[in-house]
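give me a 3D structure for the following:
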Amino acid sequence: MLRLTILMLALYSVACTSAEQPDICPSRPNIVLIMADDLGYGDLSCYDAEHVSTPHIDALARSGIRFTDYHSNGVVCSPTRAALMTGRYPQRTGVEGVITAKSHRAVGLPLEEVTIAEVLCDAGYATAMFGKWHLGYDVERFGPTKQGFGTFEGFVSGNVDYFNKVDQEGHKDWWVGDELKHVDGYVTDLINDRGVAWIAKQQEENEGKPFFLYLAHGAPHYPLQGPEGEGFRVVGRKIGQPKVDAKAAYKAMIESMDAGIGRVVAELKKQGIEDSTLVIFCSDNGQAGRGPGSAGPLRGSKGTVYEGGHRVPMIWQWPAVITPGLVSDATVIGADLFPTVVGIANEQLPWATAIDGLDLIATFDPGEVQERALHWVHGSNHAMRSGEWKLVIRGKNRPELYNLNEDLGEKNDLAAKHPERVEDMVEAHKAWLAEMRDGVKKVSG
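Below is the predicted model:
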């Protein structure tokens, strides 16, 4: 399937050298990156979910490419977002864990890190973000507008009340630029509606200028509040989740997000720029444990280094380039999106920065991603992927080894049968971790 994608990309390159098709194949396409929060591998109907209906996200998959072996860099929110923004393992940035509302309000992604928004902004792209940042609570020091986004509206904590916009520690958390604002509305709708309005404004005021739009959803992360629910958090108090029908709320949250994504895609069509826009949809980590979400056939959930913690949905749509209905089993990771998007925009990577991700388009030759080891760390839990083999280390427990080609659900531990492979992978992971953490100050939990 990927070879078809390569063929289309090759045709794209040829077409874009022709003066006859400038509108169909712009040299610098628009980029719309949409990220769900705590959406499991089995939480979309195009990934075989039966508990939700996601027709608009499914439509993206039918018209583009659906990845079955895509992984977030973290198994919780902040590390994944740090990798997404920088193209680097979160261990290099110091953002190894959650930047919590309680204990990390004075820290954030270091400003010396070069973000995808900064590279694209410097290249002449208009940049905007709506939704969840979670890479620094002090917006005047670490907010999106200090990291390359010309426009920002949303929240900076790990989660907010979807109606009252209050974080889990009782702080008001809805920002327009660097200013705290009161805004009415359901958070999921606000994120999608702001995106739609911004696209329309760009076409009205800056037609022809490429843009990068990042829609970072809070859904379906707790608190479990569907669009027909009501707010419960108040400023100055910590209030836990009221009793709700968890399955119904979760379903409503995902379906509300899906409907809004449909509005975003409809606006691209209305403005006549759908063909010249790459839309990327993904999740930041697996579904929350003990919740109503689903990892499908995978073991584990958010916060674990089993596949269910980091193997998540990813879909690309780019009508002028990608053949409809493709399914890719290439092993890719969140940090790959930085060099891929920068390459698509015909820009150079920051020359003085170690980029861990791969340009997926440049490295698809002859249809497979360059072989490499992948690594995950969450506290005392570690994992390493090398081809079909997966090493899992949980604290002081003996290492586990799984063959994912034969055992996607990680049920059959083969460590005792392959002690030399385990030893080699453990040593390789230790060396990788020492390199990543060398001279880095850890800034998160």
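
for stretch 68-83, how far is the first residue from the last?
Between the opening and closing residues of stretch 68-83 there is a gap of 20 Å (Cα to Cα, to the nearest Å).

likewise for stretch 356-374?
Taking Cα to Cα, stretch 356-374 runs 10 Å from one end to the other.

so for that stretch, what's the average pLDDT?
Stretch 356-374 comes out with an average pLDDT of 76.

going forward, count from 452.
Renumbered: residue one is now 452, and that last one reads stretch 807-825.

quick check: end-to-end length of stretch 678-690?
The stretch stretch 678-690 measures 20 Å between its terminal residues, going by Cα to Cα.

off-centre distance for that stretch?
In terms of Cα atoms, centre = their mean, to the nearest Å, the centre of stretch 678-690 is set 26 Å apart from its chain centre.

repeat for stretch 761-774
Using Cα atoms, centre = their mean, the mean C-alpha position of stretch 761-774 is found 13 Å from that of the whole chain.

next one, pLDDT for Phe853 please.
Wrong residue type there; residue 853 is Tyr, not Phe. Each residue has a pLDDT score; the one for Tyr853 is 98.

surely it and Trp840 touch.
Yes: using Cβ atoms under 8 Å, Tyr853 makes contact with Trp840 at a distance of 7.4 Å. No exception for glycine: its C-beta is placed from N, CA and C like everyone else's.

more crowded one of these two?
Neighbours around Tyr853 and Trp840, counted as other Cβ atoms under 10 Å, are more numerous at Tyr853. The numbers are 25 against 19.

wait, what's in contact with the more buried one?
Residues in contact with Tyr853, defined by Cβ atoms under 8 Å, 6 or more residues apart in numbering, are 840-841, 843, 861, 863-865.

mind putting those residues in a markdown table, distance to Asn797 and pLDDT included?
Shown next, in a markdown table, are those (distance: Cβ to Cβ, whole Å; pLDDT from 0 to 100):
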| residue | distance to Asn797 | pLDDT |
| --- | --- | --- |
| Trp840 | 37 | 98 |
| Lys841 | 36 | 98 |
| Val843 | 40 | 98 |
| Glu861 | 40 | 98 |
| Asn863 | 46 | 98 |
| Asp864 | 46 | 98 |
| Leu865 | 45 | 98 |
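
quickly list what Asn832 is bridged to.
Following DSSP bridges, Asn832 is listed with bridge partners His829, Arg845.

poorly predicted segments of the protein, please.
Per-residue confidence for the chain (pLDDT under 70) gives these ranges: 452-477, 813-819.

mind listing what's buried along the helix of greatest length in it?
Identified as the longest helix of the chain according to DSSP state H is helix 697-721. For helix 697-721, a neighbour-count test (16 or more other Cβ atoms under 10 Å) marks 700-713, 715-716, 718-719 as buried.

what of stretch 494-508?
By 16+ other Cβ under 10 Å, the buried positions in stretch 494-508 come out as 494-498, 500, 503, 505, 507-508.

pop the domain breakdown of this protein in here.
Using automatic domain parsing, the domains assigned to the chain come out as 453-470+479-823, 825-888.

nearest to Gly896, of these?
Nearest to Gly896 among the domains of the chain is domain 453-470+479-823; the distance by Cβ to Cβ comes to 4.1 Å.

report the distance from the closest one to the chain centre.
4 Å.

quick one: the helices in the stretch 702-851 of the chain?
With DSSP state H, counting those that start in this stretch, the ranges of helices along the stretch 702-851 of the chain come out as 758-761, 788-795, 811-814.

need those helices in JSON lines with mean neighbour count and distance to Met835, can you?
Below are the helices of the stretch 702-851 of the chain laid out as JSON lines (neighbours: other Cβ atoms under 10 Å; distance: least, Cβ to Cβ, whole Å):
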{"stretch": "helix 758-761", "mean neighbour count": "29", "distance to Met835": "12"}
{"stretch": "helix 788-795", "mean neighbour count": "23", "distance to Met835": "21"}
{"stretch": "helix 811-814", "mean neighbour count": "18", "distance to Met835": "20"}
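
okay, those helices in CSV with distance to Gly575 next?
Supplementary listing: the helices of the stretch 702-851 of the chain in CSV, determined by distance: least, Cβ to Cβ, whole Å:
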stretch, distance to Gly575
helix 758-761, 34
helix 788-795, 13
helix 811-814, 21
